[in-house]
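Colleague: what shape does this take:
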Amino acid sequence: MCVNSCSCAWQTCLRYSSLSLHCEKPSWKTWGKEIKVVTMHERLLKMMELLDAFIALLGGFCILKELFQMISWAQLNIHEKPIGVLNINGFFNGLLSFIDHAVEQKFIT
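Modeller: Prediction:
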């Protein structure tokens, strides 16, 4: 399984893929520069270095991990970049409801 994400800044799109996963080129069209990293942590650091904001697109566990990592780093004042989700057709509704519930229960702020 190959983990890829596309992070767009202005008109340049950067595709991050982990070399440790032995990924083939994706079958979809990519734009801009491709940056290859060895670890998922290196991938997060490179994203934080290059991007002005973080927007979670539709995806699975890796997207959720990256989203919550960026939220955690913002709470720890590691960065002050905007964070959002692209909630196409209500894809993230369940997650957003869970977050609202956790805030109401005072588990997160």
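
Colleague: residue 81 and residue 93, how far apart?
Modeller: 24 Å (CB to CB, to the nearest Å). (Glycine included, C-beta is placed from N, CA and C.)

Colleague: same drill for the two, tell me which one is more crowded.
Modeller: residue 81 (14 against 10; other CB atoms under 10 Å).

Colleague: mind checking the SS state of that one?
Modeller: Three-state call for residue 81 (DSSP: H, G, I helix; E, B strand; the rest coil): coil.

Colleague: give me every residue that touches it.
Modeller: 48, 51-54, 70, 74 (CB atoms under 8 Å, 6 or more residues apart in numbering).

Colleague: show the buried residues in those residues.
Modeller: Taking 16 or more other CB atoms under 10 Å as the criterion, what is buried in the contacts of residue 81 is 51, 54, 70.

Colleague: could you export these as a markdown table, including secondary structure?
Modeller: Formatted as a markdown table, the buried ones among the contacts of residue 81 follow (three-state DSSP):
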| residue | secondary structure |
| --- | --- |
| 51 | coil |
| 54 | strand |
| 70 | helix |
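
Colleague: the protein: helices as residue ranges?
Modeller: 40-50, 61-75, 93-104 (DSSP state H).

Colleague: what's the closest of those to residue 86?
Modeller: The closest of the helices of the chain to residue 86 is helix 61-75. By CB to CB, the value is 10.4 Å.

Colleague: I'd like to check what contacts that closest one. Which residues are they?
Modeller: For helix 61-75, contacts defined as CB under 8 Å, 6+ apart pick out 3, 5, 40, 44, 47-48, 54, 56-57, 79-81, 83, 85, 95, 109.

Colleague: so, low pLDDT: which residues of the chain?
Modeller: 1-33 (pLDDT under 70).

Colleague: again, only this time at 50
Modeller: Low-confidence segments of the chain (pLDDT under 50): 1-5, 7-12, 22.
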